[in-house]
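K.L.:
after the sequence you'll find the predicted model.
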Amino acid sequence: MIEVKSLSKDFNGKKAVDAISFTVEKGEILGFLGPNGAGKSTTMRMITGYLPPSSGTAVIDGCDILHHPIEARARLGYLSETAPVYPEMTVREFLLFCSEVRGFSGKNRGRAADTAMDRCFLTSVANQPAHTLSKGYRQRVSFAQSILHDPAYLILDEPTDGLDPNQKHEVRQMIQAMGEAKAILISTHILDEVEALCPRALIIAEGRIVADDSPENLRRQDPDYGACTLTLSSPPTAALLEKLRALGEVKQETLPTDTAFARLHIRPRQYQPDFSSQIEGICRQSGACLTEIFISQGRLDTIFRMLTTQQNAA
Ligand SMILES: Nc1ncnc2c1ncn2[C@@H]1O[C@H](COP(=O)(O)OP(=O)(O)OP(=O)(O)O)[C@@H](O)[C@H]1O
């Protein structure tokens, strides 16, 4: 388990991270979200021992990063935001070098480098100098470096940043496969990625945790969760509008004048699981022809904005 215990960091008297605590269990992929400057990278650098905290600590598989840094780091793989790679080395040379630093020797050194290249789809560029690689491939080399020693704990700072959609897909699949056995903390700005990869998400703003829940539960906090958007084949009558207004807040969308359709958005005063059935019943009774109904599942980006801008305003 990764245990983050009341970690704080001050830079020149300003709190970048403010008493953050959370845990990540093996078999869990925890999404770490927050706006620019929220403190994600600073937290990750403290967990991995690259930055001393002002207070608090992190414990990796029982090893305190401050008191047992070598043992704690041996259990960790870290992909930093900057993904540093020595430019003049080939991919294989770089990974052999990193294997040696990780304590591999003899055949094990080559085996570790080759396995990591294989898992990160790098074999075809093994002999290419790093400075000739595209950004996506450099990111993969850095990823390979972080998993050389097959660590049980992975800290990934924006692992798909700058990758093309195909590469993003591949890296996500790699993370998903590794997440079955490892504890993974992953920071990202891509909310779709969180929905696809992370059963749990932590949102931070101005160095503090403002949410810790599943993406689904977070979406439920969207005021639009369960709201319905209806398309009618003709404009609604005043009687229909009155009945719908009794159910919730009704907004009529302005559509191009050459269409006979009408579109209404109805938000319940509070979530009701049978809201769409109630609306369908009212339309049927009123003789309105309902051609389409869309039920909102809420949006993570709405919640992200609500939680992180509230904090800024405070
Ligand atoms: N070495 C440093 N010296 C001074 N201030 C720093 C240093 N590193 C980070 N900060 C400040 O700490 C705050 C948090 O930065 P951090 O990089 O952790 O944010 P982040 O959430 O990772 O942002 P982003 O999403 O843009 O990567 C910011 O205000 C940043 O300017």
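P.N.:
Arrived safely, thanks for sending.
K.L.:
quick check: which element contains residue 71?
P.N.:
helix 69-74 (DSSP states H and E).
K.L.:
now residue 9, nearest residue through space, not along the chain?
P.N.:
Distances taken as CB to CB, 6 or more residues apart in numbering put residue 17 closest to residue 9, at 4.4 Å, once the chain neighbours are dropped. From N, CA and C alone the C-beta is placed, and that goes for glycine too.
K.L.:
mind checking the pLDDT average for the helix holding residue 71?
P.N.:
For helix 69-74, mean pLDDT rounds to 93.
K.L.:
same deal with stretch 89-103?
P.N.:
For stretch 89-103, the per-residue pLDDT averages 93.
K.L.:
hmm, who's touching it?
P.N.:
Stretch 89-103 has contacts (CB atoms under 8 Å, 6 or more residues apart in numbering) with 74, 85-86, 108-110, 112-113, 116-117, 122, 125-130, 133, 141, 144-145, 148-149.
K.L.:
what does stretch 230-239 give?
P.N.:
By CB under 8 Å, 6+ apart, stretch 230-239 touches 244, 252, 260-264, 266, 279, 283, 286, 288-294.
K.L.:
list the residues that contact whichever residue of the stretch 51-200 of the chain sits closest to the ligand.
P.N.:
Proximity of the stretch 51-200 of the chain to the ligand (CB to the nearest ligand atom) peaks at residue 81, 6.0 Å away. Shown in contact with residue 81 (CB under 8 Å, 6+ apart): 41, 157, 158, 161.
K.L.:
now the residue nearest the centre of the chain: which helix or strand?
P.N.:
Taking CA atoms, centre = their mean, the centroid of the chain lies closest to residue 194, which sits 3.5 Å from it. Using DSSP H and E, the element containing residue 194 is helix 191-197.
K.L.:
can you list contacts of that helix?
P.N.:
Contacts of helix 191-197 (CB under 8 Å, 6+ apart): 29, 31, 33, 160, 168, 172, 175-176, 179, 186, 188, 201, 215, 300-301, 304.
K.L.:
buried among those? Make that a ChimeraX selection.
P.N.:
Buried subset of the contacts of helix 191-197, written as a ChimeraX selection, criterion 16 or more other CB atoms under 10 Å:
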select :29,31,33,160,168,172,175,179,186,188,201,215,300,304
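K.L.:
and the contacts of helix 191-197, which two are furthest apart?
P.N.:
Maximum pairwise distance among these (CB to CB): 23.1 Å, between 179 and 301.
K.L.:
thinking again about what came up before, in helices, which of the contacts of stretch 230-239 fall?
P.N.:
If you go by DSSP state H, the contacts of stretch 230-239 have 244, 279, 283, 286 in helices.
K.L.:
these: which two are farthest apart?
P.N.:
Maximum distance among the ones in helices among the contacts of stretch 230-239 (CB to CB): 10.7 Å, for 279 and 286.
K.L.:
who's more crowded, those two?
P.N.:
Shown here are residue 279 and residue 286; by other CB atoms under 10 Å, residue 279 has more neighbours (22 against 16).
K.L.:
hang on, the earlier thing: any chance of the ones in helices among the contacts of stretch 230-239 in CSV with pLDDT and distance to the ligand as columns?
P.N.:
Converted to CSV, the ones in helices among the contacts of stretch 230-239 look like this (pLDDT from 0 to 100; distance: CB to the nearest ligand atom, whole Å):
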residue, pLDDT, distance to the ligand
244, 92, 42
279, 92, 41
283, 90, 46
286, 88, 50
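K.L.:
okay, now the unreliable bits of the stretch 1-150 of the chain?
P.N.:
Scanning the stretch 1-150 of the chain with the threshold set as pLDDT under 70 gives 83.
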